[in-house]
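Q: Structure here, sequence nowhere to be found:
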Ligand SMILES: NC(=O)c1ccc[n+]([C@@H]2O[C@H](COP(=O)([O-])OP(=O)(O)OC[C@H]3O[C@@H](n4cnc5c(N)ncnc54)[C@H](O)[C@@H]3O)[C@@H](O)[C@H]2O)c1
Ligand SMILES: O=C(O)C(=O)C[C@]1(C(=O)O)C=C[C@@H](O)C=C1
């Protein structure tokens, strides 16, 4: 039986690209995978891991004849990559991405998409702090949301096809307006990363200023922040450069709420503190009940089904090398 897609082109093969390659292959969603990267070392890594069928440094070559093209590079690289691939996008193809912001992606890429190509940006709400082809694993998307933000001119049959592709990799799929996506993700993903980068930076400065071993004796709460703060610097630089308005708006709200807590600490308002912490504890429980708790701690463990022939040892270590 032939797969839903004949040729999948992945432009960029880091954590997300390699996870798509592994999952699409495992679940029989594509006949062939073409992989394009910027650097030959990354391409060699992808080849050694047997992530695809065709490997090239020429993104346009990967895209030629593909019925599904997914950009898996940092969003700051989109415009230059698009300039290279646009003439090679085949009429009838689906053109998508996995970028963590969506308004910028529509604004930048939509005018460059050739007629007859369905432009359906996407964002899997799944990831880790690791980067590069070795960091990927086929189970990354299982039980996680993937948000699609179809362009108004995208064919509905193609939106349905891409929805099935993500469902086939284990995701739940929802379509959304790009501006709404950016606002929601600003507070649930982008600001948490900014807070983690900030707190780890503050602790490191404090250690330098006081010449004391603050980090050595750090408690586990801080260690959880260091995981998030280890996330790819280029990817996150691009997120904050391209989702500036939503991040600033949500940061304003966040700062206001922080001031309320600050005041409660200063005035010794135990009732206010307890009420707030009781509310947030309930939210953590509801997140776990909804099956979204795998975001952080479970990435060290494989989500393996009984029928899955992949040895646990092969999927356990998701720590990838850095890829630039
Ligand atoms: N890491 C996450 O948790 C996560 C989750 C969901 C979505 N995303 C999004 O997925 C995309 C890829 O992230 P990732 O975590 O796989 O990153 P990664 O660093 O692991 O991989 C990025 C890939 O892009 C390539 N690349 C980098 N700059 C390039 C350029 N200028 N031209 C061509 N190729 C270039 C790299 O060689 C690499 O193959 C980003 O847009 C990110 O916002 C990331
Ligand atoms: O768990 C992590 O390491 C992540 O940061 C994953 C995470 C997130 O914030 O949830 C990060 C960025 C993405 O765009 C989607 C998912």
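A: Here it is on my side, so go on. On a predicted model such as this, the values are computed, not experimentally measured, just so you know. Residues are numbered from 1 along each chain as shown. Ligands and ions are numbered 1, 2, ... in the order given.
Q: Only C-alpha atoms from now on, for both contacts and neighbour counts.
A: Noted.
Q: Output the set of residues of the protein in proximity to ligand 2.
A: 100, 125, 126, 127, 128, 129, 189, 228, 295, 296 (CA under 6 Å from any ligand atom).
Q: count of neighbours near residue 276?
A: Using other CA atoms under 10 Å, residue 276 has 12 neighbouring residues.
Q: So for the strand or helix carrying it, mean pLDDT?
A: Assigned by DSSP states H and E, residue 276 belongs to helix 270-289. Average pLDDT, helix 270-289: 93.
Q: Following the record's annotation, map out the domains of this structure.
A: Domain segmentation of the chain under automatic domain parsing yields 5-177, 181-298.
Q: what about the first one, near ligand 1?
A: Yes. Domain 5-177 comes into contact with ligand 1 when judged by CA under 6 Å from any ligand atom, the residues involved being 12-17, 37-38, 72-75, 77, 98-100, 123-128, 131-132.
Q: Quick check: helices, which of those are part of them?
A: 15, 16, 17 (DSSP state H).
Q: Who wins on neighbours among those residues?
A: residue 16 (30 neighbours).
Q: Could you list which residues are in contact with that residue?
A: Listed by CA atoms under 8 Å, 6 or more residues apart in numbering, the contact partners of residue 16 are 72, 98, 127, 136.
Q: before we move on, what about residue 173?
A: 145, 146, 147, 148, 163, 166, 167.
Q: could those residues go into TSV alongside neighbour count, secondary structure and pLDDT?
A: Formatted as TSV, the contacts of residue 173 follow (neighbours: other CA atoms under 10 Å; DSSP: H, G, I helix; E, B strand; the rest coil; pLDDT from 0 to 100):
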residue	neighbour count	secondary structure	pLDDT
145	19	strand	97
146	21	strand	98
147	24	strand	98
148	26	strand	98
163	20	helix	98
166	25	helix	98
167	18	helix	98
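Q: Read off the pLDDT value for the residue of the chain found nearest ligand 2.
A: Proximity of the chain to ligand 2 (CA to the nearest ligand atom) peaks at residue 128, 3.3 Å away. pLDDT recorded at residue 128 is 96.
Q: Can you give the distance of the helix holding residue 276 from its chain's centre?
A: 27 Å (CA atoms, centre = their mean, to the nearest Å).
Q: Give the buried residues for that helix.
A: Neighbour-count burial for helix 270-289, counted by 16 or more other CA atoms under 10 Å, picks out residue 273.
Q: other SSEs contacting that helix?
A: If contacts are counted by 3 or more CA pairs under 8 Å, 6 or more residues apart in numbering; DSSP states H and E, helix 270-289 sits against helix 244-267.
Q: Show me what counts as buried in the helix it packs on.
A: 246, 247, 250, 251, 261.
Q: Name the residues that touch it?
A: In contact with helix 244-267 (CA under 8 Å, 6+ apart) are residues 182, 183, 186, 187, 190, 191, 240, 270, 272, 273.
Q: Which of the contacts of residue 16 lies at the shortest distance from residue 28?
A: residue 136 (17.5 Å; CA to CA).
Q: isn't that closest one right up against residue 19?
A: Yes. With contacts defined as CA atoms under 8 Å, residue 136 counts as touching residue 19 at a distance of 4.3 Å.
Q: list the residues that contact both of these two?
A: Common neighbours of residue 136 and residue 19, counting by CA under 8 Å, 6+ apart, are absent.
Q: These two: which is more packed in?
A: The neighbour comparison of residue 136 against residue 19 (other CA under 10 Å) goes to residue 136, with 29 against 24.
Q: Tell me if the stretch of helix or strand residue 224 belongs to is near ligand 1.
A: Following DSSP H and E, one finds residue 224 within helix 220-229. No. Figure legend: helix 220-229 not in contact with ligand 1 (CA under 6 Å from any ligand atom); closest approach 9.5 Å.
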